[in-house]
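Engineer: Sequence first, predicted coordinates after that:
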Amino acid sequence: MTQKNLFAVTLIAADRPGIVAAVSKIFYENSFNIEDSSSTLLQGFFSAIFIVSKEGVTADDVKKIFSGLEKTMNIDFNVQAMSEAGVKPIGEHFIISVYGSDKPGIVNRVAEYLANREINIVDLQTKVAGSEKSPIYLMVLEVIIDPKMLGTGWEDDLKKISREMGTDVNIRQIETYEF
Amino acid sequence: MAIREVLKYPDPRLKEIAEDVVEVNDYIKQVITDLTDTMESSGHSTGIAATQIGENVRIVVADASKNAKCEVNHGRLVLINPEIIQWEGMIQFREGCMSVPDYTGNVNRAKKILLRYQDESLEQKVIEAEDFEAVLLQHETDHLEGTLFLDRVISKRTDLFRRKKFK
C-alpha cells in the first residue's frame, strides 16, 4: 500500500454546539477522508485532532481551506503534514490507574519510569476531581509492554513509586479476543 | 467438509434476526457441519454463529477450550436455539469479531451466565458458563439477534469519567 497524503488538523476552541458539524462539512465538501480522529472536552474547551487524507494538496492549501471558518467561528486551526508514522508497538496491553490527592509531579514520575523501561504509552487521560478543598488527581494510562518485559517487576516498581508519592495505583491487563 | 465464507459487516445479513430451529433436518445438519468446519479452519476462532455464514437459523458452534488460557469450559458445544436465562456479575474484555475485521473495542459482559439450549437431538439443556466462555457465548448468541459487538462498545473515556448526579 502506498503512503497516503496525510495531514493532522488540530483545533482547540471554547465549547459550543456545531464545531464538529462545521469542521466535517469542510472536510466533506473538499473531498478529504477522515482517517482517524479523537476529540474531547478539556476544561470547557473542545479539543480535536483529525488525521485526514487527500492527494495533491499541501499543508498550506489545507490551512487556506480553513481560513473562512477561522474567521466565522473564531477557531484557530493547526495543520501539519504527516511524515512517516512510528512503528506500531506490539505486545500486551495494560491499563494503569494512578490516583490520589493532587500534588506536583505525578504524571512525570510515572511517565519517566515507563520511558526508562521502554514501555509505550498509547493513551493517557488525566483529570482533577474531588472538591476544591481536597482535589483528587486521576491518571489513566494504557500502555503496551513488550512480551520480554513481562515478569521483570515493572508492576512492583510502579507500586513502589506510587507509595512514595502517596497515591494509589491499579494495574490490570486488557485481554483482547477475536470471536 | 465445507469451509464457508465468513460474512463481513456491512453485509445486511449480519443484522437479521435468526429463525428458531424446529427440526434437525438435512439442512440443519449441514449448517452445523459447515459451522464446525469454518470455525476449525480458522485457527484462532473459538466460536461462530449461523448468521455469520449467511444462514438465518439459531445455531451457534463454540469451543472455549481452543483458548489455552480458558481453563474451565465445556469443550465444543453445538447450541440450537440458545437463550441466556440468567446473568451475573460483570467482566470487561476487548472484543474483536471475524465479521468486523481490524477493529477491537471494550465491551462489558456478564461474568457468569446460565444458557438454555437444545442439543443436536433437540434435547433441552442448561449450562453455566463463566469468564471467557461466558463472554464467548454472549458474543455468539448476540449474532443470532443481529447484534454485533459494535452495538455494545463502550468508550474508554465515558467509562472512566462519566459523572451522574443523583438527587
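Structural biologist: Yep, it's here. Numbering: from 1, shown residues only, chains lettered A, B, ... in the order given.
Engineer: Going by C-alpha atoms from here, please, whenever you check contacts or count neighbours.
Structural biologist: Will do.
Engineer: which residues touch stretch A:52-65?
Structural biologist: Stretch A:52-65 is touched from outside by A:4-9, A:26, A:31-36, A:77-81, with contacts defined as CA atoms under 8 Å, 6 or more residues apart in numbering or on different chains.
Engineer: List the ones among these that fall in helices.
Structural biologist: When DSSP state H defines the helices, the subset of those inside them is A:Ile26.
Engineer: May I see the ChimeraX selection of the buried members of the contacts of stretch A:52-65?
Structural biologist: Listed next is the ChimeraX selection for buried residues among those, using 16 or more other CA atoms under 10 Å in any protein chain shown:
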select /A:6,7,8,9,26,32,34,77,78,79,80,81
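Engineer: Find the closest residue to chain A in chain B.
Structural biologist: B:Gly96 (4.1 Å; CA to the nearest CA).
Engineer: check contacts around the residue nearest to that residue when sequence neighbours are not counted.
Structural biologist: Leaving aside its sequence neighbours, B:Gly96 sits nearest to A:Glu178 (CA to CA, 6 or more residues apart in numbering or on different chains; 4.1 Å). Applying CA under 8 Å, 6+ apart, we find A:Glu178 in contact with B:44-45, B:95-98.
Engineer: From chain B, how far out is A:Tyr99?
Structural biologist: 13 Å (CA to the nearest CA, to the nearest Å).
Engineer: and that residue, what element?
Structural biologist: If you go by DSSP states H and E, A:Tyr99 is part of strand A:92-101.
Engineer: roughly how far is that strand from the heart of the chain?
Structural biologist: Mean-position distance between strand A:92-101 and its chain equals 15 Å (CA atoms, centre = their mean, to the nearest Å).
Engineer: Contact residues of chain A facing chain B?
Structural biologist: A:174-179 (CA under 8 Å from any CA of the partner chain).
Engineer: Give the helix, strand or coil label for residue 104.
Structural biologist: You didn't say which chain, so I picked chain A. Look at A:Pro104: counting by DSSP: H, G, I helix; E, B strand; the rest coil, its state is coil.
Engineer: Nearest to chain B within chain A, name that residue for me.
Structural biologist: Closest point on chain A to chain B, by CA to the nearest CA, is A:Glu178, at 4.1 Å.
Engineer: re the thing from before, buried subset of the residues of chain A next to chain B?
Structural biologist: Of those, these count as buried by 16+ other CA under 10 Å: A:174, A:176-179.
Engineer: and A:Leu132, how many residues sit next to it?
Structural biologist: No, residue A:132 isn't Leu; it's Glu. By other CA atoms under 10 Å in any protein chain shown, the residues close to A:Glu132 number 8.
Engineer: Tell me which helix or strand it sits in.
Structural biologist: Counting by DSSP H and E, A:Glu132 is part of no helix or strand.
Engineer: Need the per-residue pLDDT for it.
Structural biologist: On pLDDT, A:Glu132 comes in at 86.
Engineer: Kindly report the same for B:Ile32.
Structural biologist: Confidence at B:Ile32, expressed as pLDDT, is 98.
Engineer: Could you do B:Phe161 as well?
Structural biologist: 49.
Engineer: Run a quick check on A:Thr10 versus A:Phe77, I expect a contact.
Structural biologist: Yes. Between A:Thr10 and A:Phe77 there is a contact at 5.8 Å, judged by CA atoms under 8 Å.
Engineer: Show me the domain layout of chain A.
Structural biologist: A:6-81, A:92-174 (automatic domain parsing).
Engineer: For the helix or strand harbouring B:Glu95, which outside residues touch it?
Structural biologist: Assigned by DSSP H and E, B:Glu95 falls within strand B:91-97. Contact partners of strand B:91-97, identified using CA under 8 Å, 6+ apart, comprise A:174-179, B:102-111, B:131, B:149.
Engineer: same question for the next helix or strand after it, mean pLDDT?
Structural biologist: As assigned by DSSP H and E, the chain's next helix or strand after strand B:91-97 is strand B:100-109. Mean pLDDT, strand B:100-109: 91.
Engineer: buried sites along strand B:100-109?
Structural biologist: For strand B:100-109, by 16+ other CA under 10 Å, it's B:100, B:104-109.
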